[in-house]
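**Student:** Any chance you can model this:
(chains A, B and C)
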Amino acid sequence: MAHQMEVSHHAPEEEHPTSTGINNRKLLMWVFLSSDCLFFGSLIATYMVYRGQSLVGPYPVDIIDVPITTISTFVLLCSSFAMVRALAATNEDRQGGIIFWLLMTAFLGSIFIGFQVYEFNLFREEGLRIDTNLFGTTFFTLTGFHGAHVTLGIVWLLALAWIARKGRLGPKTALDVELAGLYWHFVDIVWIVIFTLIYLIGGFDTGPAGDPSLVPHSITGFLGLI
Amino acid sequence: MSSDHGVHESRHPTLKQYVIIAIFLFAITIVEFVIILPEDFRGQGWTIAPLAILSAIKFAAVIFFYMHLKFDSRLLTWVFLGGLALGFAVVMALVGLFTAWTPSPRAFAEDHAKPCTLDHEMGGCLENKPKPVVAPTPGPAPAPDDPGTAPAAAPVAPAGGGLVDTGRQIFITGTGEGAATPCVTCHTVEGVPEAVGLLGPDLSHIGTEAATRQPGVSAEDYLAQSIRDPESFIAEGVDRATPGLMLAAITAGLTDEDVDALVAFLMAQQ
Amino acid sequence: MATLTDVIDRPSSQSGLWSWITTVDHKRIGVLYGVTAFIFLLLGGLEAGVIRLQLAVPDNTLVDPDTFNQMFTMHGTTMIFLVIMPLSASFFNFVIPLAIGARDVAFPRLNAFSYWVFLFGGLLLNASFLTNQAPDAGWFSYANLTEKPFSANQGLDYWALGLQVLGVSSLAAAFNFVVTIVNMRAPGMSLMRMPLFVWMTLVTSILLVLAFPVITVGLIELTFDRNFGTNFFVPEGGGDPILWQHLFWVFGHPEVYILILPAMGIVSEVLPTFSRKPLFGYPVVVFSGVVIGIMGWAVWSHHMFTVGLGPVAVSVFMITTMLIAVPTGVKIFNWIGTLWGGQIDLKTAMLFALGFVALFIVGGLSGVSHAVAPSDNQQQDTYYIVAHIHYVLFGGALFGIFAGVYYWFPKLTGKLLHEGIGKLHFWLYFIGMNITFFPMHYLGLNGMPRRIYTYASEFGWDGLNMLASLGYLVLLAGTLLFIVNLMISLRKEPDAGHDPWDAPGLEWSIASPPPTYNFATIPQVEGLDQYWIEKRRAEAEGHPITEPEAPVDPSTIHMPSPSYWPLVTAIGVLILGGGMLVDTGWDYIRFPIPFIGGLICFIGIVAWANEPPAKEHAGDDHHPEAGHGAEPHAMVAAPVAVAERPAGAAAAHSVRLICSNCGNQLSTNFRFCPYCGGAVENPAEPHQEG
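**Tutor:** The predicted structure is shown next:
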């Protein structure tokens, strides 16, 4: 995943013509996000295929705490709002605003990560580890890689804030902030999907004997899974 | 894809619009939370559709406004939605392949499974031997599918129990010297868990069949001769996909006593 | 970090070892890719040699079964990930910027990074031989053979991590080429004026971008299963080994087109050049390439017909697989249509391209026979499959690549490869390839399973196996002959001129070897096959083009400076990936070394971002306040006064041509008609052409 950070700092704004009129780095970022859709798509597919297939507990219903995660989801949505404020400040060349909103975004992201660390720890204490059952295996892998994306985003934002302290960010270099923003919002929308699938829909799954809609290998199972 | 989309110095939404979108996103999340708040609603199938639609709306709001796709070059929208659509298709296809479009292996197994009575001495199931694919032996073979009439266990040796046991041992493990390849590699004998080979003829009932094979040749001689020179008699109906597969060399290392033991063992396979 | 880059200047060597290590020039990176991949080709060929020697006679004991497993696993993995893909990447690097009229790729340093990561990934994979733990589960490493109980040594960890590192390289390169092709085309080069090779590169890069994340996830899950006790593919834990097969082939089938589409692109350049006729039905060829790229996503389960997917899934994938033969067949008919009525010049490059078409048809037809699920049940895991894959990858991809080598070598070096030796090389390859792989069809249908390390004589496979092994010797001779040809040709004086084949592509309008800046003036593109248009027009005007574009003082054109940081970051990626092999067994930090790699990556990226522009340019064309991130842009040319294009450019549009054969009006000055290949009648100078 190392490549995703390089795009952040490529060039100062030197507008030069491209065949499509789109900046090279911006196009690169979008192609990367498109690629990352397949990355998370595959992880989500694994989660969905193994949903309700755990042989032993704890099952989601025993352990998932939707209210707490709803709060952390709010925090991540707030960070997206802070991110667009940071970009607006950059475009308007309000130096104080740039640093404030970049740090605010990173701070909210860190709170989200804090929630995740708390949740992982709680699950571990309640007996769900990555090797306990298929739920643990797929849950920790999917949310863990999402958390890793958020962490990288925080590092990126802090690096931008570091650059901004000497007034190097402004309308001419707004693309540096915009690309970080694209990445940050993408991580946010991935969480929207994960939150819906794992927590709101899958959070009440019981063991394999419970809900008939979870019995695989049937049309109802298929519809239930989607 | 045309270059007249040079509008990428895009109009960004105003602060007011950003705030409205943020409130909108919060509101949807609250609605989602409310949907699953009553205990009766949790995990119900009907909640899936509204939850999926609401999160799709949130998704769209973020990519089109916060990520400016609405204001940016159309090409970027296609780039992203292309990857997104493909990712979605892969998820759906995999989930489908593992559920609706696949026959259930468990249901199949339950339909076809037979009860297993463990043979504690030999290990494995007594009645549930794999069906031999090569069923070359003519004559009145009992229907193997019917557990009621199938022989219940390894037939008891009619006579010469010691010799039969020696033969059984040779049949399973070979003699260790010349005969490098034991008989069980290629032959099936019901009641002998090791003997499930499919390359050669099934010898489960050879004790009764051997006498009928060759007019004027006794069953014992027929078997001894077939061991010494496997090509000498070829029973009718044997699948000769690979003629000469059982080489005389395989049995060349057997002593006369070994052959006698093997014949005794085989004669016991009624 | 700013302090680090303040004291280290950008490297500036233009020659010697350092200039290669720090280069960001797409042409040099192309050479690095090509040479490295060719060495891996020899390595993979040696592994194939061990396989063929072992199988030459029945009951052979030359190598033990374990070694044999390692050989076929590493042969397959090497040939696919370390040979065909990087050889294609070598052409992408060298040709694409030249063919689209650009001075470099969109992200030159990212390009260098891709190469170094590829090199390190290949070395990591092959380092497994040093610890005698080479991977041994086949090139698609089916679960649960790959789980810890069945592969106790670290071979599969080398495999998974090596491919993971190679994936970073492929992804970085693919991002780069998508952006380059979409954004860096010369003015006037609309999508439907792009040479076919550029189109196929675009499709390939998009496939890479979308397919590699899937295998990344598969490999992550495999690594987790092996090292963290997860249950992804472990039946005892409820997991399903079939999921690995799905994830692998969701990636693996697009990967098949990633391997073959570049070769199809090369062939679509070579055939028109040596038939002296534009590609027949260009839009249809483009369209079928794109359709193959899209449909390649809907066929993956045809690799898994025998696992018991059920009748619905098998029928669906059977139909989609048969459908994908349609666009492939369309391409073949278009190539044949290109040859029809052309003035065919059987140079070595052309022979390889024709060999590609012939052998690819054989491989394609056996491929259709796998598409029929009942017939596939018989062929699955037999030598029939081995025959098929080698017809499409050796006879297909590699022949296409060699066509490209013979075609573009004069552009790269200014020297022609020896034609006589080249033709001998072709015939040895063509004959050797058929002797080696054709008998495998029979072997497979006679029941010889793939991946067995020996067989008994009674099965009746002796003769054909011996024949196949003899064929290997012919291929070996061909390969050695190619090396001899390279040696001889590289030592002679430049003799190629800038345009030895009278080729249509923009790359032939500049000197051979190309100057570092490629084009002194960024060309203006008026149509498909631009250089043909220019040459025919100049001939019609009576002053044929014999010289390449005049060189200019390189210092007047701002090119990206070399850089250390791609290499440093790539080393970080290597340690990040390879470090996972060291399991300390400690409680909290079982795998400490990847953190060191991550730190090196971080330093590399920060330094990369803060790198100052090269000394001589500092301050002239960068914002003074923007010292933190000066990516020198290839596109930013100093406004150099360069000679204008020939003045006839505008007038030429008024010259209307009429094909004397079919009567079509042509808007450009072709000597032959793009519709029928017939001669062209020029109303202005009626007797100019015959």
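**Student:** ok, now which ones touch the residue nearest the centre of chain C?
**Tutor:** For chain C, the residue nearest the mean C-alpha position is C:S88 (1.5 Å; CA atoms, centre = their mean). Contact partners of C:S88, counting by CB atoms under 8 Å, 6 or more residues apart in numbering or on different chains, are C:T204, C:I258, C:L259, C:P262, C:A263, C:A397, C:I401. Yep, even glycine has a C-beta here, placed from its N, CA and C like the rest.
**Student:** Out of the residues you listed, which end up buried?
**Tutor:** Burial by neighbour count, 16 or more other CB atoms under 10 Å in any protein chain shown: within these this picks out C:T204, C:I258, C:L259, C:P262, C:A263, C:A397, C:I401.
**Student:** Briefly note if the helix or strand hosting the fourth one comes near chain B.
**Tutor:** Following DSSP states H and E, the helix or strand that holds C:P262 is helix C:241-275. Yes - Helix C:241-275 lies within reach of chain B by CB under 8 Å from any CB of the partner chain, at C:I242, C:L243, C:H246, C:V250.
**Student:** will you turn these into CSV that also has neighbour count?
**Tutor:** Listed next are the residues of helix C:241-275 next to chain B as CSV, based on neighbours: other CB atoms under 10 Å in any protein chain shown:
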residue, neighbour count
C:I242, 21
C:L243, 21
C:H246, 28
C:V250, 25
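**Student:** picking that back up, could you tell me the angle between the strand or helix carrying the residue nearest to the centre of chain C and helix C:241-275?
**Tutor:** For C:S88, the host element (DSSP H and E) is helix C:85-99. Between helix C:85-99 and helix C:241-275, the angle comes out at 40 degrees (axes from the mean of the first three to the mean of the last three CA atoms, to 10 degrees).
**Student:** Cross-check the residues of helix C:241-275 next to chain B against chain A and keep the overlap.
**Tutor:** Contacts with chain A are made by C:L243, C:V250 out of these, judged by CB under 8 Å from any CB.
**Student:** secondary structure element for residue 104?
**Tutor:** No chain specified, so I'll use chain A. If you go by DSSP H and E, A:M104 is part of helix A:95-125.
**Student:** How far off centre is that helix?
**Tutor:** Put simply, helix A:95-125 sits 12 Å off its chain's centre (CA atoms, centre = their mean, to the nearest Å).
**Student:** and if you look at stretch C:155-172?
**Tutor:** Relative to its chain's centre, stretch C:155-172 lies at 17 Å (CA atoms, centre = their mean).
**Student:** and residue 78, what is it in contact with?
**Tutor:** Picking chain A for this. A:L108, B:A22.
**Student:** look at chain C instead
**Tutor:** C:F40, C:L43, C:G44, C:E47, C:G122, C:L125, C:N126.
**Student:** what about 6 Å?
**Tutor:** Listed by CB atoms under 6 Å, 6 or more residues apart in numbering or on different chains, the contact set of C:T78 reads C:F40, C:G44.
**Student:** Confirm it sits in a strand?
**Tutor:** No - C:T78: not assigned to a strand; according to DSSP: H, G, I helix; E, B strand; the rest coil it is helix.
**Student:** Look up how far C:P449 lies from it.
**Tutor:** 22 Å (CB to CB, to the nearest Å).
**Student:** and the stretch 51-200 of chain C, which residues reach chain B?
**Tutor:** C:L191 (CB under 6 Å from any CB of the partner chain).
**Student:** got a pLDDT number for C:D136?
**Tutor:** Note for C:D136: predicted pLDDT of 91.
**Student:** typed the wrong thing, it's B:G176
**Tutor:** Listed pLDDT for B:G176 reads 61.
**Student:** Same check on the one 3 residues further on?
**Tutor:** Among the per-residue scores, B:A179 shows a pLDDT of 47.
**Student:** Now do B:P38: how many residues are near it, please.
**Tutor:** If you count neighbours by other CB atoms under 10 Å in any protein chain shown, B:P38 ends up with 9.
**Student:** mind checking how far the residue lying closest to C:T273 once chain neighbours are set aside is from C:T546?
**Tutor:** Nearest non-adjacent residue to C:T273, counting by CB to CB, 6 or more residues apart in numbering or on different chains: C:A503, 4.7 Å away. With distances taken as CB to CB, C:A503 is found 15 Å from C:T546.
**Student:** the more surrounded of those two?
**Tutor:** C:A503 (23 against 10).
**Student:** SS state for that one?
**Tutor:** Under the three-state scheme (three-state DSSP), C:A503 adopts coil.
**Student:** likewise B:P215?
**Tutor:** B:P215 is classified as coil under three-state DSSP.
**Student:** Distance check, it against B:D221.
**Tutor:** 12 Å.
**Student:** Ok, A:V190 next?
**Tutor:** In terms of CB to CB, A:V190 sits 79 Å off from B:D221.
**Student:** Of the two, which one has the most company?
**Tutor:** A:V190 (24 against 13).
**Student:** before we move on, back to that, what is the nearest of the residues of helix C:241-275 next to chain B to C:L163?
**Tutor:** Closest to C:L163 out of the residues of helix C:241-275 next to chain B is C:V250 (15.0 Å), distances taken as CB to CB.
**Student:** Next up, the contacts around the closest one.
**Tutor:** The contact partners of C:V250, taken as CB under 6 Å, 6+ apart, are B:V90, C:V214, C:W300.
**Student:** The first one contacts A:F39, doesn't it?
**Tutor:** By that I understand B:V90. No - in this structure B:V90 lies outside contact range of A:F39 using CB atoms under 6 Å: 10.9 Å.
**Student:** So which of those two has more stuff around it?
**Tutor:** Neighbours per residue (other CB under 10 Å) separate B:V90 from A:F39, with B:V90 holding more: 24 against 21.
**Student:** For that one, what is the enclosing helix or strand?
**Tutor:** Using DSSP H and E, B:V90 sits within helix B:74-98.
**Student:** Do any residues in that helix lie close to chain A?
**Tutor:** Yes - Helix B:74-98 is in contact with chain A by CB under 6 Å from any CB, via B:L75, B:L76, B:V79, B:F80, B:G83, B:L84, B:G87, B:V90, B:V91, B:L94, B:V95, B:F98.
**Student:** State the pLDDT value of the closest residue to the fifth one other than its chain neighbours.
**Tutor:** Leaving aside its sequence neighbours, B:G83 sits nearest to A:S34 (CB to CB, 6+ apart; 2.9 Å). The predicted local confidence for A:S34 comes out at a pLDDT of 96.
**Student:** Run a quick neighbour tally on A:S34.
**Tutor:** If you count neighbours by other CB under 10 Å, A:S34 ends up with 27.
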